[in-house]
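Q: Quick one: sequence and predicted model below, then my questions.
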Amino acid sequence: MNLINIFVKAIFIENMIFAYFLGMCSYLAVSKTVKTAVGLGAAVIFVLGVTVPVNYLLENFVLKEGALAWLGASYAGIDLSFLSFIMFIAVVAAIVQLVEMVVEKFAPALYGALGIFLPLIAVNCSILGGALFMQERQYSNIAEATSFALGSGVGWFLAIVAIAAIREKIRYSHVPAPLRGLGITFIITGLMGIAFMAFMGIKI
């Protein structure tokens, strides 16, 4: 039950976009069509779902103070937590490189549509944010970390697909000239963020 709570909270209450505004650059740039939004959202789910558990293992069995105790008593006092940032980023970059190669091989049209924003998942704030939130919250096992990662990915996916669908529809609306493009998108994102605040009243 705790895993479901973590998963649902990560989607609605602690949504990466609407609660923390992480990953906004990709969210705004690749949300012009639903097709590209779905592709990028799926890639983010995969990258979060792989990198957060891997970083959890790194954190608990290599980096934090006492994590190396499994090597022997003489290693128990070693603290490598100062390497957290660089190690987390290295894991993210490696997984993103793998995703980029797979998408280029099996979905070249999507690869062309996503352009530079596919490799830029490596510096997407929501990906590193997932690892840092995992570190801060100190989940008790890898299942909780994975549940949080997948929930965060699904939340980001829903956010970008929703805004892409709205942006496709408002092309046929009479938006005032100064607000066309990113202007109206920022306004809609703010309104969606306010709407998602309603979920904060749910006790899970």
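A: Received, thanks. Here the structure is a predicted model, which is why all the values come from computation and not from measurement.

Q: could you list every residue that touches Leu40?
A: Leu40 is in contact with 26, 30, 114, 117-118, 121, 160, counting by CB atoms under 8 Å, 6 or more residues apart in numbering. Every C-beta, even on glycine, is put in place using the N, C-alpha and C of the backbone.

Q: Could you measure from Gln97 over to Ala90?
A: Using CB to CB, to the nearest Å, Gln97 is found at 11 Å from Ala90.

Q: Okay, buried residues for the longest helix along the chain please.
A: If you go by DSSP state H, the chain has its longest helix at helix 142-169. Of all the residues in helix 142-169, those buried under the rule 16 or more other CB atoms under 10 Å are 144-164, 166-167.

Q: Just the ones of the contacts of Leu40 in helices?
A: 26, 114, 160.

Q: Tell me the one of those nearest Leu132?
A: Ser26 (17.8 Å; CB to CB).

Q: so the closest one touches Phe117, yeah?
A: Yes: in this structure Ser26 lies within contact range of Phe117 using CB atoms under 8 Å: 5.2 Å.

Q: These two: who's more crowded?
A: Ser26 (25 against 17; other CB atoms under 10 Å).

Q: separation between Ile78 and Ser140?
A: From Ile78 to Ser140 the distance is 22 Å (CB to CB).

Q: Between those two, point out the one with more neighbours.
A: Ile78 (15 against 9).

Q: thinking again about what came up before, and the longest helix of the chain, how far from the chain's centre?
A: 7 Å (CA atoms, centre = their mean, to the nearest Å).

Q: which residues of the chain fall in helices?
A: With DSSP H as the criterion, the chain has helices spanning 2-8, 24-29, 34-58, 84-106, 108-114, 125-137, 142-169, 182-196.

Q: now those helices in TSV, with distance to Glu14?
A: Shown next, in TSV, are the helices of the chain (distance: least, CB to CB, whole Å):
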stretch	distance to Glu14
helix 2-8	9
helix 24-29	16
helix 34-58	13
helix 84-106	19
helix 108-114	26
helix 125-137	8
helix 142-169	8
helix 182-196	10
